[in-house]
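Visitor: can't give you the sequence, but here's the structure:
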């Protein structure tokens, strides 16, 4: 290593990779020498490569042998991890030249699984699993395994049937006594003003609550609360205590299993409160009553008939208020002499007739009667089955004649005289025909009007967007050259570009630091703004590009990003003369006696230009030409 002024110490180890590089270059040199000696072509890569194969030589890493495939037969050491010391130890050597393995005396390999000898070279069943020794063994194992598995499977099937029967009974009892529906009071959160407010006089009625004789003065509305991050509806039960018996558990189990888009999902109940609470799914859009009482919603007969048709399709009628008995058919009203009767389809038809009255009048049930009678009196008269029956008063001019007939037939005293829901659907289908054309025409007219308004609005917004886009582009063109800005707007990457020759202009204000010391910050800003605005007006007349202004420094370049031949020097020179002419007559309004003087440096040469940064990108110039122009400016003579 004397040629390279480096001495290798005795204990220093040479990196094997570096040694291999040396041997590789040495081998290539031998092949090239032989080729040149035999007047061969050193550009013939195949011939030179063939000379490097099947040869042996002594290299810096030891004996080197290249086989017929061009691979080196290297020597290797076998390392074994000692489980006690946790270190690798040499247990054997492999000679690549002789292809012999020599173990290290008194060193053993720690085989996995506690083996004391090496695993066999060939597996028991061969590498493909088709060894003859293994076939007989596999058949024996398969036969006995099938018999054992069949016996076990039959036994498990019997056990499973017995267990399934017992488990089903246990699951049934477990589901019945599953108390996951019970909710603790601390799990509920009541936001301020969570109680819904009444939307009309219909809500300020006396409440029947649990009996018809209650004289509560105001309706208690459903409260809104939060349960596990979800908004829920909370309803109070007017009972001090609820007995959790088998009948109640069975009813809760049935309610929990009900799942339909037209039913409110039961979430649970809280029995810890002085008044027990029922927690159900919160319906954010409200109910039919909310729509009828909202005077802001214009309900024409097209809309009302659609509501009626949807109600019939659902076929389920819920009474959401405490005065729910107003919807109950007379034969289903519980009296002292009658037990509580189960609901019937004919009873639902009666409820449908009362709902028709609500939709027609946009009021609560028995609206005309409630002006003089209370809820209890109305229910009593309906249950008394007077002759003629006591029913809501709806004038014939309030709705179409066919709809009025359907309403009256729905609340007939005799349930057998009431139509079925199938008959109601047929009647409504015929009744909807006279509204069908109006609905379509109305929808088409509204859609056409909306489309026209939307088209005008889109055109206005498009024009505003185009104007804003043009303003943004103009601002961007003032910061970055137009060709570069267009590439950025198209999302393209702006490659740095080398320019062979451009002319760079630098200028600054002489005595700017002293001027700043005697002036206020606002006066300094005004001076720079007036001066550079003047410069900006001048450079518009020349083929130049303003790179940047930093403090009192003003930098301009010509010849990029669009090349202009050799005109860049002329453009910068004429621009500089125009600036000097303007400086002589420049007057600062805050200090008219201040004589402005500038230093200018100009130099031509090669530069590299590119966009730097993604946020607020900046078009920058780099190269000795920039530095030279800057030094010429800083060491130049002042000029006023």
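Guide: Received the coordinates, thanks. What you are looking at is a predicted structure, and each value in this text was computed from that prediction instead of being measured.

Visitor: dump the residue contacts of the closest residue to residue 284 other than its chain neighbours.
Guide: Using C-beta to C-beta, 6 or more residues apart in numbering and skipping the chain neighbours, the partner closest in space to residue 284 is residue 231 (7.6 Å). Yep, even glycine has a C-beta here, placed from its N, CA and C like the rest. Contact analysis of residue 231 by C-beta atoms under 8 Å, 6 or more residues apart in numbering lists 224-225, 282, 284.

Visitor: from residue 398, how far off is residue 231?
Guide: 37 Å (C-beta to C-beta, to the nearest Å).

Visitor: list the buried residues of the strand or helix carrying residue 583.
Guide: Using DSSP states H and E, residue 583 falls within helix 567-585. Of the residues in helix 567-585, 568-569, 571-572, 574-576, 578-579, 583 count as buried by neighbour count, 16 or more other C-beta atoms under 10 Å.

Visitor: tell me the least confident of the residues you listed?
Guide: Model confidence across the buried residues of helix 567-585 bottoms out at residue 583, which has 84.

Visitor: off-centre distance for the helix holding residue 583?
Guide: Centre-to-centre, helix 567-585 and its host chain are 57 Å apart (C-alpha atoms, centre = their mean, to the nearest Å).

Visitor: closest to residue 34 out of the buried residues of helix 567-585?
Guide: Comparing these against residue 34 with C-beta to C-beta picks out residue 568 as the nearest, at 58.9 Å.

Visitor: how about that closest one, what does it touch?
Guide: By C-beta under 8 Å, 6+ apart, the neighbours of residue 568 are 501-503, 543, 557-559, 604.

Visitor: give me that answer again for 10 Å
Guide: 499, 501-504, 543-544, 557-560, 604 (C-beta atoms under 10 Å, 6 or more residues apart in numbering).

Visitor: quick check: nearest residue in space to it, chain neighbours excluded?
Guide: Nearest non-adjacent residue to residue 568, counting by C-beta to C-beta, 6+ apart: residue 559, 3.4 Å away.

Visitor: against residue 447, how distant is the one you found?
Guide: According to C-beta to C-beta, residue 559 and residue 447 sit 60 Å apart.

Visitor: these two: who's more crowded?
Guide: Taking other C-beta atoms under 10 Å, residue 559 and residue 447 do not tie; residue 559 has more neighbours (25 against 11).

Visitor: please report how far the more buried one lies from residue 631.
Guide: 20 Å.

Visitor: can you check residue 27 too?
Guide: Separation of residue 27 from residue 631 (C-beta to C-beta): 55 Å.

Visitor: doesn't residue 393 fall inside a helix?
Guide: No. Assessed with DSSP: H, G, I helix; E, B strand; the rest coil, residue 393 is coil; it does not lie in a helix.

Visitor: number of residues surrounding it?
Guide: Neighbours of residue 393 under the rule other C-beta under 10 Å: 11.

Visitor: where's the nearest residue to it once chain neighbours are set aside relative to residue 351, distance?
Guide: Closest residue to residue 393 apart from its sequence neighbours, by C-beta to C-beta, 6+ apart: residue 368 at 4.3 Å. In this view, residue 368 and residue 351 are 19 Å apart by C-beta to C-beta.

Visitor: neighbour count: those two, which is higher?
Guide: Taking other C-beta under 10 Å, residue 368 and residue 351 do not tie; residue 351 has more neighbours (22 against 14).

Visitor: separation between the residue nearest to residue 75 when sequence neighbours are not counted and residue 64?
Guide: Nearest non-adjacent residue to residue 75, counting by C-beta to C-beta, 6+ apart: residue 96, 5.1 Å away. Distance from residue 96 to residue 64, counting by C-beta to C-beta: 10 Å.

Visitor: overlap in contacts of the two?
Guide: Contact criterion C-beta under 10 Å, 6+ apart; residues shared by residue 96 and residue 64: 72-74.

Visitor: wasn't residue 299 part of a helix?
Guide: No. Assessed with three-state DSSP, residue 299 is coil; it does not lie in a helix.

Visitor: count of neighbours near the nearest residue to it once chain neighbours are set aside?
Guide: Leaving aside its sequence neighbours, residue 299 sits nearest to residue 362 (C-beta to C-beta, 6+ apart; 6.6 Å). Applying other C-beta under 10 Å, we find 17 residues neighbouring residue 362.

Visitor: any stretches of the stretch 451-600 of the chain with poor pLDDT?
Guide: For the stretch 451-600 of the chain, applying pLDDT under 70 flags the ranges 477-479, 488, 490-493.

Visitor: tell me where it has helices.
Guide: For the stretch 451-600 of the chain, the helices defined by DSSP state H, counting those that start in this stretch cover 482-489, 512-518, 521-539, 567-585.

Visitor: mind putting those in JSON lines, distance to residue 251 included?
Guide: Formatted as JSON lines, these follow (distance: least, C-beta to C-beta, whole Å):
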{"stretch": "helix 482-489", "distance to residue 251": "68"}
{"stretch": "helix 512-518", "distance to residue 251": "87"}
{"stretch": "helix 521-539", "distance to residue 251": "81"}
{"stretch": "helix 567-585", "distance to residue 251": "93"}
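
Visitor: the ones you listed: which one's closest to residue 154?
Guide: Of the helices of the stretch 451-600 of the chain, nearest to residue 154 by C-beta to C-beta is helix 482-489, at 77.3 Å.

Visitor: the contacts of residue 231: which two are farthest apart?
Guide: Using C-beta to C-beta, those span at most 13.9 Å, a distance reached by 225 and 284.

Visitor: tell me which of the two has more neighbours.
Guide: residue 225 (19 against 7).

Visitor: how is this structure divided into domains?
Guide: Split into domains by automatic domain parsing, the chain comes to 2-74, 77-114, 135-176, 185-281, 289-435, 491-634.

Visitor: lowest average pLDDT across those domains?
Guide: Among the domains of the chain, domain 185-281 has the lowest mean pLDDT, at a mean of 66.

Visitor: and the end-to-end length of that domain?
Guide: This stretch, domain 185-281, spans 17 Å end to end (C-alpha to C-alpha, to the nearest Å).

Visitor: kindly report the same for stretch 80-89.
Guide: When the termini of stretch 80-89 are compared using C-alpha to C-alpha, they are 5 Å apart.

Visitor: what residues sit buried inside it?
Guide: residue 80.

Visitor: also stretch 223-230?
Guide: Going by neighbour count (16+ other C-beta under 10 Å), the buried part of stretch 223-230 is 223-227.

Visitor: now tell me what touches that stretch from outside.
Guide: For stretch 223-230, the surrounding residues in contact (C-beta under 10 Å, 6+ apart) are 183, 187-191, 193-196, 231-236, 267-268, 270, 277, 279, 281-282, 284.

Visitor: give me the buried entries from those.
Guide: Neighbour counting by 16+ other C-beta under 10 Å classes 183, 188, 232-235, 267-268, 270, 277, 279, 282 among the contacts of stretch 223-230 as buried.

Visitor: which of those residues fall within strands?
Guide: If you go by DSSP state E, these have 188, 232-235, 267-268, 270, 277, 279 in strands.

Visitor: of the residues you listed, closest to residue 428?
Guide: Of all these, residue 233 has the smallest distance to residue 428: 30.5 Å, by C-beta to C-beta.

Visitor: bridge partners for that closest one, pull those for me.
Guide: The residues listed as beta-bridge partners of residue 233 by DSSP bridges are residue 224, residue 280.

Visitor: residue 264 is in contact with that one, correct?
Guide: Yes. Using C-beta atoms under 10 Å, residue 233 is in contact with residue 264, at 7.6 Å.

Visitor: need the overlap of contacts for those two.
Guide: Counting by C-beta under 10 Å, 6+ apart, the contacts common to residue 233 and residue 264 are 280-283, 320.

Visitor: closest to residue 615 out of the residues you listed?
Guide: The closest of those to residue 615 turns out to be residue 282 (C-beta to C-beta; 44.9 Å).
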